[in-house]
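S.K.: okay, here's the prediction I keep looking at, along with the sequence it came from:
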Amino acid sequence: MNIDYKQLANKYQTPYYVYDFDYITSQYNELKTAFKARKSLLAYAVKANSNLSVIKHLADLGAGADCVSIGEVKRALKVGVQPYKIIFSGVGKIDSEIKEALELGILMINVESSAELDRVETIAKELGKVARISIRVNPNIDPQTHPYISTGLHENKFGVDIDTAKRMYIQCKNSENLDPTGIHLHIGSQLTQLEPIKESVKIVADLVRNLEALKIDLSFFDVGGGLGIVYDDEKLIDTNEYAQSILECLFGLDITVVCEPGRFLVGNSGVFVSKVLYEKINGEKRFVIVDGAMNDLIRPSLYNAYHKIEVLNDNKEFSDCNLVGPVCESGDFFAKNIELPKTEHNDLVAIYSAGAYCFTMASNYNTRGKVAEIAIENGQDRLIRKRETFEDIIALEEEYLK
């Protein structure tokens with residue numbers, strides 16, 4: 001990305017997020033092309049970055065939406081994603097969410113337990129509707145990723161085992177209010193090994209063949225998302241090899257492939273830019289204190305995640321330090337024991353790979369307003385979310401003061 005971070009800082013202040021929309025376009029086209037041999041739908045995982053302008057940009061390219069709350073469903077619909085391209089996933093859907101999803105006529109509700117299927121059936125019956133269903137199968141495969149973003153093992157809360165899934169599909173077949181439309185798997189996020197994906201798809205494809213023998217014909221095979229990106233020096237899965245390995249497992253099945261990329265599309269489109277407030281020495285420990293904080297970007301604190309960090313100055317005098325923010329927590333850091341150059345007040349610091357699971361996980365902790373979000377497209381910048389003010393933060397509380 002050729003972005004003038006200083007110019008953006010002068011125009012929009014710091015901290016801010018900036019996203020390269022041309023990069024997002026390139027990533028989408030690469031993955032869509034990889035599946036060109038088969039009917040396919042790329043349903044963007046909205047939780048990765050739920051800014052309306054990001055979702056709209058992908059919708060304009062032809063993407064659907066994978067949503068894990070009714071709020072995300074409404075975001076997708078608001079910016080033009082067609083209902084028949086929206087999937088509603090998530091382990092715990094409340095009755096009102098299920099009811100609204102059915103009334104909105106989305107592609108399918110992705111069910112993750114027998115108890116949830118019973119609730120969907122009951123609500124569909126009350127509404128006099130037929131619920132299109134996919135069932136998330138947990139293939140019990142180790143995705144070889146961070147334990148917090150592993151989802152395909154029985155020890156994880158997601159999905160159901162093969163035998164339970166089969167019983168649930170039979171329930172759908174025998175129900176007047178359930179339509180078994182698809183099948184789903186998702187073993188984890190930031191995946192960099194192809195073999196666990198291929199093994200999982202093969203297991204679930206075999207289940208689809210067994211269901212066909214029971215006269216249960218599914219229309220959609222959802223392989224989930226999880227393709228990794230480069231944060232440091234990861235070796236990535238080739239998208240063509242990824243698609244080919246999936247299609248090989250589906251040989252002989254007349255079924256549309258659904259893929260739910262999130263991080264892959266937007267992760268490396270984004271940069272979080274903060275400015276140095278001052279440096280501090282505690283004994284022999286050096287701290288570089290910036291105006292951004294864990295409430296803006298929590299991944300290093302939450303996952304001990306690595307992000308490439310660059311101080312945008314010409315100083316060649318490097319030394320070990322912790323890069324930290326102003327929040328009143330020892331967990332408020334972006335990096336520990338990192339070699340950075342000596343900094344001055346107002347030097348800019350760029351934190352890369354910040355397009356996914358960064359702003360979308362931000363909070364107002366310490367009554368800090370959420371930062372501005374900026375899009376860059378065709379060399380032009382535009383604001384896609386204004387910086388929050390104090391008045392914005394207290395707006396939902398103020399009227400209830402006694």
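M.R.: The structure has been received and is ready for your questions.

S.K.: low-confidence stretches in the stretch 151-300 of the chain?
M.R.: Within the stretch 151-300 of the chain, the set of residues satisfying pLDDT under 70 comprises 151-157.

S.K.: how near is the spatially most central residue of the chain to Ile141?
M.R.: Central residue of the chain (Cα atoms, centre = their mean): Ala48, 2.4 Å from the mean position. To Ile141, Ala48 is 22 Å away according to Cβ to Cβ, to the nearest Å. Bear in mind the C-beta positions are built from the backbone N, C-alpha and C, glycine included.

S.K.: tell me the pLDDT at Ser89?
M.R.: pLDDT recorded at Ser89 is 96.

S.K.: list the beta-bridge partners for the nearest residue to it once chain neighbours are set aside.
M.R.: Among residues not flanking Ser89 along the chain, Asn110 sits closest, at 4.0 Å (Cβ to Cβ, 6 or more residues apart in numbering). The residues listed as beta-bridge partners of Asn110 by DSSP bridges are Ser134.

S.K.: neighbours of Asn110, just the number please.
M.R.: By other Cβ atoms under 10 Å, 28 other residues sit near Asn110.

S.K.: ok, now which ones touch it?
M.R.: By Cβ atoms under 8 Å, 6 or more residues apart in numbering, Asn110 lies in contact with 87-90, 134-136, 182, 184, 222.

S.K.: highest neighbour count among those?
M.R.: Neighbours here mean other Cβ under 10 Å. Within these, the largest count is held by Ile135, at 31 neighbours.

S.K.: what separates that residue from Glu121, distance-wise?
M.R.: For Ile135, the distance to Glu121 - Cβ to Cβ - is 13 Å.

S.K.: then Thr367?
M.R.: Counting by Cβ to Cβ - Thr367 and Glu121 are separated by 44 Å.

S.K.: what about these two, which has more around it?
M.R.: More crowded of Thr367 and Glu121, by other Cβ under 10 Å: Glu121, with 19 against 9.

S.K.: buried residues in stretch 94-112?
M.R.: 97-102, 106-112 (16 or more other Cβ atoms under 10 Å).

S.K.: helices of the stretch 251-400 of the chain, start to end?
M.R.: For the stretch 251-400 of the chain, the helices defined by DSSP state H, counting those that start in this stretch cover 263-266, 299-303, 390-398.

S.K.: oh, that last question was meant for the stretch 1-150 of the chain, not what I typed.
M.R.: Applying DSSP H, counting those that start in this stretch to the stretch 1-150 of the chain gives helices spanning 5-12, 21-34, 52-61, 70-78, 95-104, 114-127.

S.K.: including mean pLDDT, could those helices go into TSV?
M.R.: Below are those laid out as TSV (pLDDT from 0 to 100):
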stretch	mean pLDDT
helix 5-12	98
helix 21-34	98
helix 52-61	98
helix 70-78	98
helix 95-104	98
helix 114-127	97
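
S.K.: just say which of those is most tucked in.
M.R.: Comparing the helices of the stretch 1-150 of the chain by mean neighbour count (mean count of other Cβ atoms under 10 Å), helix 52-61 comes out on top with a mean of 20.

S.K.: okay, the angle between it and helix 70-78?
M.R.: Taking axes from the mean of the first three to the mean of the last three Cα atoms, to 10 degrees, helix 52-61 and helix 70-78 form an angle of 50 degrees between their directions.
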